[in-house]
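Peer 1: Pasting the sequence and the predicted coordinates here, then a few questions.
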Amino acid sequence: MKKQPCHFELVEKFILFTIFVLLLQLFLSCSSAPKRIMLVTDTRDLSYSQLDGANLSLSEENYERAFNQLNSAYNLALSVDNTELLCKISLSAIILKINCKNLSELIPAINLKNSSEAKSFLAQSKEEILQDAKKFASRSDEADKKFLSDLCVIYDVKIQLANDTGKNYASLLEGVKASVSKEPYYSAFLERTLGDVFMADEKYSDACLHYEEAAKIHTKNRYLLEIGTDYYSASRAYSQNGQKKEAVSAIKMALKYDKDAENTLGIVADYLAYSKILLKGNPTEEEKLLSAELLKWSEKIAENTRN
């Protein structure tokens, strides 16, 4: 006859089973618990967002908003010692300083010694800001150091162009093209800058090629507000080169993309340029009429904007 387990044996088995279940639950709960975060990017992401917004504002020629966004981006990046971001923010600030000649008039407080704006890094000259950008590049991670240093080369050329000393810089820009190409925004900016260099050298055919290459990169990567500027620049180069048909084609493209971006200032500039291009060479009566019509239309849009 089979022996039946005693009460003690049953209790012992129950206890062992209970311990096993508890240990299993503890193991599962520990293995499924979320791991502690070892990298926080909240401030960095917010700073990048402000920088992107500033670059858009620069494209729209809204310099007061760009000023505020760059200041905000800079302070956020500084608070977490993000040298990569500080470098990029400084470089965008150079474009603000170049494009907005009356920044101190637009932001009067920048001249006041005790104002918060006066402490802004934008109170420096564009050359001083570039030196800061180079320092930030040298202090960045090894993976980013060359890329950022090469970016500084492009903006150095932009300063030279603004100072009317930017000729014969094409080879310098070509030398950093491979490094910069990893980020489309800056790759397109390099191509546009090359176009500007060739325009300064009066090599208009080369300028056209680089402006249109910038447009291709911007279009592929959906930088809508930048595309109109690329084609506007290409149209100017074609016009200077005596290629009226190509200039008209390019300015129509600029107009299309500025309309798509609802870029009012760009639209006005495009119509005005279109009007002038039509009068190049020996314009027909039809071209003269269209030129006058486009000029009036550009003035009407501009007047509506002022109101």
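Peer 2: Good, I have the coordinates.
Peer 1: Torsion angles phi and psi at residue 89?
Peer 2: Phi and psi for residue 89, reported as degrees, to the nearest 10, are phi -60, psi -40.
Peer 1: tell me, how many neighbours does it end up with?
Peer 2: Residues lying near residue 89 (other C-beta atoms under 10 Å) number 30. All C-beta atoms are positioned from the backbone trio N, CA, C, and that covers glycine.
Peer 1: and what of residue 285?
Peer 2: A count of neighbours around residue 285, defined by other C-beta under 10 Å, yields 7.
Peer 1: Same question for residue 252.
Peer 2: 13.
Peer 1: and it, what are its phi and psi?
Peer 2: phi -70, psi -40.
Peer 1: residue contacts, the residue lying closest to it once chain neighbours are set aside?
Peer 2: Using C-beta to C-beta, 6 or more residues apart in numbering and skipping the chain neighbours, the partner closest in space to residue 252 is residue 274 (7.5 Å). Neighbour list for residue 274: 248, 251-252, 255, 291, 294 [criterion: C-beta atoms under 8 Å, 6 or more residues apart in numbering].
Peer 1: Now do the same for residue 274: its pLDDT.
Peer 2: You'll see residue 274 listed with a pLDDT of 98.
Peer 1: what's the distance between it and residue 99?
Peer 2: Going from residue 274 to residue 99 by C-beta to C-beta, to the nearest Å gives 22 Å.
Peer 1: circling back: tell me which residues in the helix or strand where the residue nearest to residue 252 lies are buried?
Peer 2: When elements are assigned from DSSP states H and E, residue 274 belongs to helix 264-278. Neighbour-count burial for helix 264-278 flags 264-278 (criterion: 16 or more other C-beta atoms under 10 Å).
Peer 1: Is there a neighbour count for residue 103? I'd like the number.
Peer 2: Residues within reach of residue 103, counting by other C-beta under 10 Å, total 17.
Peer 1: Out of the buried residues of helix 264-278, flag the one nearest to residue 180.
Peer 2: Taking C-beta to C-beta as the measure, residue 266 is the one of the buried residues of helix 264-278 closest to residue 180, at 25.2 Å.
Peer 1: in terms of contact, does that closest one touch residue 227 like I think?
Peer 2: No - contact criterion C-beta atoms under 8 Å: residue 266 and residue 227 do not qualify, at 9.9 Å.
Peer 1: which residues of the stretch 101-250 of the chain fall in helices?
Peer 2: For the stretch 101-250 of the chain, helices defined by DSSP state H, counting those that start in this stretch occupy the ranges 103-106, 126-139, 142-162, 170-174, 177-180, 184-200, 204-220, 224-240, 244-260.
Peer 1: which helices and strands sit right next to the first one?
Peer 2: Right, the one you point to is helix 103-106. Applying 3 or more C-beta pairs under 8 Å, 6 or more residues apart in numbering; DSSP states H and E, we find helix 103-106 packed against helix 63-79.
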